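A.B. asks: Can you look at this prediction? I've put the sequence above it.
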Amino acid sequence: MHTLLKALLVAFLGITALHASFLEEESVRAVKEKKLILVNIVRDDCPYCRKMQREIFNNPAYKKQIDQKFVFVSIDQDDPTLPQDLHTKYVPANAILSPSRHTIIEGYTGYMDPASFMNVLEKAYKAEFK
């Protein structure tokens, strides 16, 4: 089921270029630093969002690895600045964006354990910066 959601999200979102004013500054920084953009879409009442936050994004070791290759942006699912292309009814959701093309490289919904999540990030980064 997780694979199907991923495939649908990537297929649906990957065909459109993102038009997100809130990502402009992050895009400039990411291009300059040769990084991708990792957008984490959450909701306050989501227990799995909090679990990923605690286990991955607040973990110093994982945070350091993410910061080396990604510009991290966390945004609430109901935030009006969230581009329509990134709206999803399932959270947590994570999208890996190309800062130069403003396209979605990978997209995932649902909780992922830290090792699997970091593996996904590493593969996406290597694929983009061969």
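C.D. replies: Arrived safely, thanks for sending. Nothing here was measured: the structure is a model prediction, and the numbers come from that model. Numbering: from 1, shown residues only.
A.B. asks: roughly how far apart are Tyr48 and Gln77?
C.D. replies: The gap separating Tyr48 from Gln77 is 13 Å, by CB to CB, to the nearest Å. In short, each C-beta sits where N, CA and C put it, glycine included.
A.B. asks: of the two, who's got more company?
C.D. replies: Gln77 (19 against 15; other CB atoms under 10 Å).
A.B. asks: That one and Pro92 touch, don't they?
C.D. replies: No: using CB atoms under 8 Å, Gln77 makes no contact with Pro92, being 9.1 Å away.
A.B. asks: got any residues that touch both of these two?
C.D. replies: Common contact partners of Gln77 and Pro92 (CB atoms under 8 Å, 6 or more residues apart in numbering): Ile41, Val42.
A.B. asks: And the helix ranked longest in the chain, what's buried?
C.D. replies: Counting residues, the longest helix found in the chain (DSSP state H) is helix 114-128. Buried positions in helix 114-128, judged by neighbour count with 16 or more other CB atoms under 10 Å: Phe117, Met118, Val120, Leu121, Ala124, Tyr125, Glu128.
A.B. asks: The fifth one touches Ser98, doesn't it?
C.D. replies: This means Ala124. No: using CB under 8 Å, Ala124 makes no contact with Ser98, being 9.7 Å away.
A.B. asks: Need the overlap of contacts for these two.
C.D. replies: Common contact partners of Ala124 and Ser98 (CB under 8 Å, 6+ apart): Leu36, Ile105.
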